[in-house]
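K.L.:
Show me how the following folds:
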Amino acid sequence: MLQGLSDEAEAVREISLRAGQSIVNQYATTSLAQLLPPLEAGLFDDNWRIRQSALSKLLGDLLAKIIGKTEDTEASNLAVIKGLGREKRDKILAALYIIRQDTSSQVRQKGSVGVEECGFKYSKDFERDSANSYKQHYLLLSGKPEPRQETSSQQNTR
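P.N.:
Here you go, the predicted model:
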């Protein structure tokens with residue numbers, strides 16, 4: 001399903017996104033162990049469309065389901081810890097922080113705004129809480145080959 005998000009045809013991307021959203025909405029509270037690994041992998045996929053959709057639509061929807069309806073940052077962070085566990089929450093926070101430096105401007109923008117719209121905000125204690133996860137992600141990414149730099153016109157034609 002995630003691969004369909006990078007298809008050249010807009011209709012295929014739209015159907016893949018809707019299928020992913022349906023899966024997330026249906027299983028967000030009962031099958032987190034099966035949903036999170038592909039979404040986490042999608043955050044660092046080589047294709048910017050997969051990164052963007054995994055981040056802004058699918059992970060955002062999943063976090064919104066876990067958090068529920070709250071405006072309180074502390075309550076939303078506690079809901080995520082309760083739903084995911086502290087280690088998984090820290091890993092996702094670290095990944096979101098790294099995405100803010102993505103080579104694609106569309107992904108960077110969604111990393112800055114998209115997930116926070118659902119109520120999952122960076123706490124003041126991010127550096128302390130997520131430092132080890134951030135370092136692990138950074139080390140894993142430093143071992144990957146450098147992603148190809150794409151201009152925005154190249155990104156828009158795909």
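
K.L.:
May I see the buried residues of stretch 84-101?
P.N.:
Buried positions in stretch 84-101, judged by neighbour count with 16 or more other Cβ atoms under 10 Å: 84, 88-99. The C-beta positions use only the backbone N, C-alpha and C, and glycine is treated the same way.

K.L.:
go on, stretch 103-112?
P.N.:
104, 106, 107, 108, 110, 111.

K.L.:
List the first helix or strand encountered after the helix or strand where residue 12 lies toward the C-terminus.
P.N.:
For residue 12, the element it lies in under DSSP states H and E is helix 10-27. Scanning forward in sequence from helix 10-27 by DSSP H and E, the next helix or strand is helix 32-43.

K.L.:
angle of that next one against helix 10-27?
P.N.:
Angle of helix 32-43 versus helix 10-27, following axes from the mean of the first three to the mean of the last three Cα atoms, to 10 degrees, is 150 degrees.

K.L.:
Give me the contact list for stretch 8-19.
P.N.:
1, 2, 3, 4, 5, 6, 7, 49, 53, 57, 58, 158 (Cβ atoms under 8 Å, 6 or more residues apart in numbering).

K.L.:
So which of those residues wins on neighbours?
P.N.:
Highest neighbour count within these: residue 53, with 27 neighbours (other Cβ atoms under 10 Å).

K.L.:
helices or strands up against the helix or strand containing that residue?
P.N.:
In the assignment (DSSP H and E), residue 53 maps to helix 48-53. Contact partners of helix 48-53 among helices and strands, from 3 or more Cβ pairs under 8 Å, 6 or more residues apart in numbering; DSSP states H and E: helix 10-27, helix 32-43, helix 105-113.

K.L.:
average pLDDT across the first one?
P.N.:
Taken as a whole, helix 10-27 has a mean pLDDT of 92.
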